[in-house]
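[1] Pasting the sequence and the predicted model now:
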Amino acid sequence: MEEPAGAGLCSLGRRFLRNAARSLKRRRWWYVRVGQEPEKEGVPVGHLAVYVGEAEGAACRAVVPVVYFNHPLFASLLKQAETVYGFDQPGGIRIPCRVSEFESVKSRIAAAADGLRRS
């Protein structure tokens with residue numbers, strides 16, 4: 001029986017959320033949005049940290065709302081991560097793209113959400 005399109009991404013997302021919740025309970029994690037100074041609080045409720053960057057070891061951490069994981073633009077970034085790293089990548093989710101490309105996707109998702117709220 002064939003899995004529906006995107007089932008692997010959903011499974012990856014659910015597994016990551018479970019593991020992230022367990023990790024956050026065990027340790028105190030601090031994340032920084034790309035281009036901002038560290039804050040005194042941890043990751044806000046309803047957000048997750050991802051690592052963004054093409055080169056090994058040159059990843060930046062970014063905090064994104066969990067609702068982004070359902071957006072088709074963000075799903076395409078997750079698909080890239082699956083293609084490059086597979087489902088068993090160590091640590092957090094790493095997005096293999098330029099930071100500028102990632103910021104562009106975040107801006108487009110935020111703008112679309114803004115447009116929906118104003119309607």
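    Looks like it came in fine. Everything numeric in this text was worked out from a predicted model, so none of it was measured. Numbering: from 1, shown residues only.
[2] can you give me the helices in the protein?
    Assigned by DSSP state H, the chain shows helices spanning 7-26, 72-85, 99-118.
[3] where in this protein is pLDDT low?
    1-10, 12-14, 16-42, 116-119 (pLDDT under 70).
[4] quick one: buried residues of stretch 91-102?
    Buried positions in stretch 91-102, judged by neighbour count with 16 or more other C-beta atoms under 10 Å: 92-97, 99, 102. Heads up, the C-betas are built off the backbone N, CA and C, glycines and all.
[5] What number of neighbouring residues does Asp114 come out with?
    Look at Asp114: counted by other C-beta atoms under 10 Å, it has 10 neighbours.
[6] which ones are touching it?
    By C-beta atoms under 8 Å, 6 or more residues apart in numbering, the contact set of Asp114 is empty.
[7] again with Ala81
    Ala81 sits in contact with 89, 93-96, where contact means C-beta under 8 Å, 6+ apart.
[8] Can you tell me which of those residues comes closest to Gln80?
    Distances from Gln80 to these, taken as C-beta to C-beta, are shortest for Pro96 (5.6 Å).
[9] That closest one against Gly86, yeah?
    No. Using C-beta atoms under 8 Å, Pro96 is not in contact with Gly86, being 11.7 Å away.
[10] quick one on the thing from earlier: the contacts of Ala81 into JSON lines, with extra columns for distance to Phe74?
    Formatted as JSON lines, the contacts of Ala81 follow (distance: C-beta to C-beta, whole Å):
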{"residue": "Gln89", "distance to Phe74": "17"}
{"residue": "Ile93", "distance to Phe74": "11"}
{"residue": "Arg94", "distance to Phe74": "14"}
{"residue": "Ile95", "distance to Phe74": "9"}
{"residue": "Pro96", "distance to Phe74": "14"}
